[in-house]
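Novice: next come a sequence and a model predicted from it.
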Amino acid sequence: MSLSREPLRRRKAIRSWIPAAVLLVLIVAALSVAVMTRTTNVGAAPTSAPPTAVTAEGTSLFTPAGLAYINDTRKVSIDARQLPIEVEPLGLEASGTLTIAPPTEAYEYLTVIGPGGGTRLMGTTIDIVTEDGYVTAASITDSLRPLNYRETQALFRERVERFAIPPERLDGFASAAADARRDNRDFTYSIRTDDALGVGLTVTAECSSDSVCGVVDRFEFN
């Protein structure tokens, strides 16, 4: 009898594991769907840009359709391969500053394509500056990620390496930070190159008296 009962016990054991296994599969599937939904729906770009929202090269327009697309994607791209950049084809005013910022705390992405290649930076506010019918600058500021002096210096070093800025232009930052800390005052420090991928770039750290800094990257198209 013991021999005849053993297969029965095995079948019961197998059946008892089936619901648990099915439940585990369902849980994993549900979590996968939840993760996919979270990563694709927040600030996700449409599968393709409407033809009135971007240029023929796929860079940003600032017409109503273009601004709506920028709002959906949180991405701005500037084609600076040929300078100067005229405002009229892009839908910008002849002179002024267009500020692009998300309605809630979120990041924007600025891509600049210059004669020497392209780069993308992340921040919370993008400013497009125009003057006398031309785009003269595009800057991006990150206000969600305050940096201490050491982190600011590390970011400067990253910009020096990325854009081939002469490293000696960073030499004065440590002493400027030390003087500001000693005197308990705000200070500003900038590094600049005329050839970041073929355009000008100024990186500025604005630091408060409590040693917290915010960084602005400003591309110049003069």
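Specialist: Looks like it arrived, so ask away.
Novice: for the residue most central in space within the chain, which non-adjacent residue is closest in space?
Specialist: With distances taken as C-alpha atoms, centre = their mean, the residue of the chain nearest its centroid is Met122 (2.1 Å). Of all residues not flanking Met122 in the chain, Tyr107 sits nearest, at 5.1 Å (C-beta to C-beta, 6 or more residues apart in numbering). C-beta: built from backbone N, CA, C; applies to glycine.
Novice: the one you found: neighbour count?
Specialist: Tyr107 is flanked by 14 other residues according to other C-beta atoms under 10 Å.
Novice: okay, it: pLDDT?
Specialist: Here the pLDDT value assigned to Tyr107 is 91.
Novice: going forward, begin numbering at 54 instead of 1
Specialist: Renumbered: residue one is now 54, and that last one reads Tyr160.
Novice: ok, it touching Val129?
Specialist: No: here Tyr160 lies out of contact with Val129, judged by C-beta atoms under 8 Å, at a distance of 11.8 Å.
Novice: thinking the residue nearest to the centre of the chain is in contact with Tyr162, fair?
Specialist: Yes: here Met175 lies in contact with Tyr162, judged by C-beta under 8 Å, at a distance of 5.6 Å.
Novice: what residues are up against Met269?
Specialist: Not Met; residue 269 is Val. By C-beta atoms under 8 Å, 6 or more residues apart in numbering, the contact set of Val269 is Ser192, Ile193, Thr194, Val256, Thr257, Glu259.
Novice: hmm, 7 Å instead?
Specialist: Ser192, Thr194, Thr257 (C-beta atoms under 7 Å, 6 or more residues apart in numbering).
Novice: let me see the ranges of the strands in this structure.
Specialist: Along the chain, counting by DSSP state E, strands occupy 128-132, 138-139, 149-153, 161-167, 170-176, 178-184, 187-194, 240-249, 252-260, 266-273.
Novice: now the ones you listed as TSV including distance to Ala109?
Specialist: Formatted as TSV, the strands of the chain follow (distance: least, C-beta to C-beta, whole Å):
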stretch	distance to Ala109
strand 128-132	10
strand 138-139	14
strand 149-153	21
strand 161-167	14
strand 170-176	17
strand 178-184	19
strand 187-194	17
strand 240-249	25
strand 252-260	21
strand 266-273	22
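Novice: now for these, which one comes closest to Thr116?
Specialist: Smallest distance to Thr116 across those (C-beta to C-beta): 11.7 Å, for strand 149-153.
Novice: what angle separates that closest one from strand 161-167?
Specialist: Going by axes from the mean of the first three to the mean of the last three C-alpha atoms, to 10 degrees, strand 149-153 is angled at 130 degrees with respect to strand 161-167.
Novice: got the buried residues for strand 149-153?
Specialist: Neighbour counts over strand 149-153 (16 or more other C-beta atoms under 10 Å) mark Leu151, Ile153 as buried.
Novice: same check on stretch 197-206?
Specialist: Pro199, Leu200, Tyr202, Thr205, Gln206.
Novice: do the same with stretch 252-268
Specialist: By 16+ other C-beta under 10 Å, the buried positions in stretch 252-268 come out as 252-260, 264, 266-268.
Novice: which one among those gets closest to Ala154?
Specialist: Proximity of these to Ala154 (C-beta to C-beta) peaks at Gly267, which lies at 14.3 Å.
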